[in-house]
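Asker: the sequence isn't on hand, but the structure is:
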């Protein structure tokens, strides 16, 4: 990379730091055995003195691991030794797999996010997440969900890990756009499918548009664990309505995606063999029996029976007025919708203020079935509020509750952390925490985060 281009990239990153003023989620984390992981950004010569193979003046990223009672070790982050410029790294240690995940922005011809895992011995091949190829990204926030499932014909469960990434980009109009990407690993291996990127404002179904955002507001979106092990909550400002949103993301059971697709295919087959539409009653009964048989292999009997009966009722109510393909698609979505409600521990009623958007994520190629298995995510706006006017010109941090029903926003002003909490559809009066030697900024934010994590 020539000197002019390197200067332009550095200048662009400097502008980003000034305009967004967002730091990395974490540039130092603890491992499960007491080790400390730290990211280092410097020239290769300074980070790895005496080593050959890379231009010593080239900027690279390194992972430094401080083991208890032993000298620190440094490891070159893959794909940072080339012509690209790296920026904004984040770390997350995952205990069950003893893996350190690192995400960073790399800018060569365009800015992209990269993700790799370090298991103590080496790195996994980096995964690239692009988003808007022309927008500089903020440091991504990371979270992980785990579960397992059994594929028909197999006896050993497959482990499923989603690494969830949330970041912001500033568009040409100066607005902040929030993006999300789920990166899927099965049995510890990256699925191989290009990670999907979701523009979170697209899920905003709030009615109407709020007033213009306060001038100079710099929102810092927040990703936190949700109310159960397969859910997350993202707090962000919607560029669609200018409202503050808590968006709930649920990883739905793998068995649900398989059951819904197999039921759809079976209904289409039944239609061809049962003189549909005149034989719609026979299709309804045979579909009900088939769904019970399929569902009992992955769901509790009562759940499988409920799904089967509702699909049967749907087919009977249609009375053969639509094509069998249309009826089969409706049945599939009905199974997924019911499964999404049950995945929320039955607490989400059909009268919920916001409906779920179900999105498929491609999985590993199977030797038994050449198609990629579909893994389903549910997106739902849990709550939304107008942005308080007093946040004009401020860097505002968000602290959503695990339930998604409440939000706290905080900012620094005159040596104090001021904050407001939601009260129903509105906001509380401003409260404050005085900063001191005993309570610095990091501790104040930690106190506020812990307060909301209990709600």
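Answerer: Cool, got the structure. The shown structure was predicted, so the numbers you read here are calculated from the model rather than taken from an experiment.
Asker: what distance separates the start and the end of stretch 189-196?
Answerer: 17 Å (CA to CA, to the nearest Å).
Asker: contact partners for residue 398?
Answerer: If a contact means CB atoms under 8 Å, 6 or more residues apart in numbering, then residue 398 has 219-222, 235-236, 244, 407-409 as its contacts. C-beta here means a position set from N, CA and C on the backbone, and glycine is covered the same way.
Asker: okay if I get these as CSV plus distance to residue 341, pLDDT and secondary structure?
Answerer: Formatted as CSV, the contacts of residue 398 follow (distance: CB to CB, whole Å; pLDDT from 0 to 100; DSSP: H, G, I helix; E, B strand; the rest coil):
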residue, distance to residue 341, pLDDT, secondary structure
219, 31, 85, strand
220, 32, 86, strand
221, 27, 91, coil
222, 26, 94, strand
235, 23, 96, strand
236, 24, 95, strand
244, 25, 93, strand
407, 24, 96, strand
408, 28, 96, strand
409, 30, 95, strand
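Asker: looking at the residues you listed, which is nearest residue 441?
Answerer: residue 220 (13.2 Å; CB to CB).
Asker: show me the contacts for residue 135.
Answerer: 111, 169-171, 177.
Asker: ok, 7 Å please
Answerer: 111, 169-171 (CB atoms under 7 Å, 6 or more residues apart in numbering).
Asker: any idea how far it is from residue 234?
Answerer: Per CB to CB, to the nearest Å, residue 135 is found 18 Å from residue 234.
Asker: rewinding a little: now the contacts of residue 398 in JSON lines, with distance to residue 296?
Answerer: Converted to JSON lines, these look like this (distance: CB to CB, whole Å):
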{"residue": "219", "distance to residue 296": "47"}
{"residue": "220", "distance to residue 296": "46"}
{"residue": "221", "distance to residue 296": "41"}
{"residue": "222", "distance to residue 296": "40"}
{"residue": "235", "distance to residue 296": "39"}
{"residue": "236", "distance to residue 296": "40"}
{"residue": "244", "distance to residue 296": "43"}
{"residue": "407", "distance to residue 296": "41"}
{"residue": "408", "distance to residue 296": "44"}
{"residue": "409", "distance to residue 296": "47"}
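Asker: of these, buried ones?
Answerer: For the contacts of residue 398, a burial check counting by 16 or more other CB atoms under 10 Å picks out 219-222, 235-236, 244, 407-409.
Asker: mind listing the strands for the stretch 1-150 of the chain?
Answerer: Ranges of strands in the stretch 1-150 of the chain, per DSSP state E, counting those that start in this stretch, are 28-30, 36-43, 59-66, 73-76, 85-94, 99-107, 111-118, 127-129, 141-149.
Asker: and the ones you listed, which one's lowest on average pLDDT?
Answerer: Lowest mean pLDDT of those: strand 85-94, a mean of 84.
Asker: could you list the low-confidence segments of the stretch 101-250 of the chain?
Answerer: By pLDDT under 70, the low-scoring segments of the stretch 101-250 of the chain are 173-174.
Asker: what's the neighbour count on residue 159?
Answerer: 16 (other CB atoms under 10 Å).
Asker: helices and strands around the helix or strand containing it, which ones?
Answerer: Assigned by DSSP states H and E, residue 159 falls within strand 158-170. Secondary-structure packing of strand 158-170 (3 or more CB pairs under 7 Å, 6 or more residues apart in numbering; DSSP states H and E): strand 111-118, strand 141-149, strand 176-186.
Asker: for residue 265, see how far away the nearest residue to residue 96 once chain neighbours are set aside is.
Answerer: Counting by CB to CB, 6 or more residues apart in numbering, residue 96 lies nearest to residue 146, which is 6.4 Å off, once chain neighbours are set aside. Residue 146 sits 29 Å away from residue 265, going by CB to CB.
Asker: neighbour count: the two, which is higher?
Answerer: Neighbours per residue (other CB under 10 Å) separate residue 146 from residue 265, with residue 146 holding more: 15 against 12.
Asker: ok, what's across the strand from that one?
Answerer: In this entry, residue 146 is beta-bridged to residue 161, by DSSP bridges.
Asker: now it: how far from residue 448?
Answerer: Applying CB to CB to residue 146 and residue 448 gives a distance of 28 Å.
Asker: the stretch 301-450 of the chain: strands as residue ranges?
Answerer: Secondary structure of the stretch 301-450 of the chain (DSSP E, counting those that start in this stretch): strands located at 357-365, 372-386, 395-400, 407-413, 416-423, 426-427, 431-434.
Asker: which ones are touching the spatially most central residue of the chain?
Answerer: Geometric centre of the chain, nearest residue: residue 164, 3.5 Å, by CA atoms, centre = their mean. By CB under 7 Å, 6+ apart, residue 164 lies in contact with 142-143, 182, 223, 232.
Asker: so residue 43 bridges to which residues?
Answerer: residue 59.
Asker: neighbours of it, how many?
Answerer: 14.
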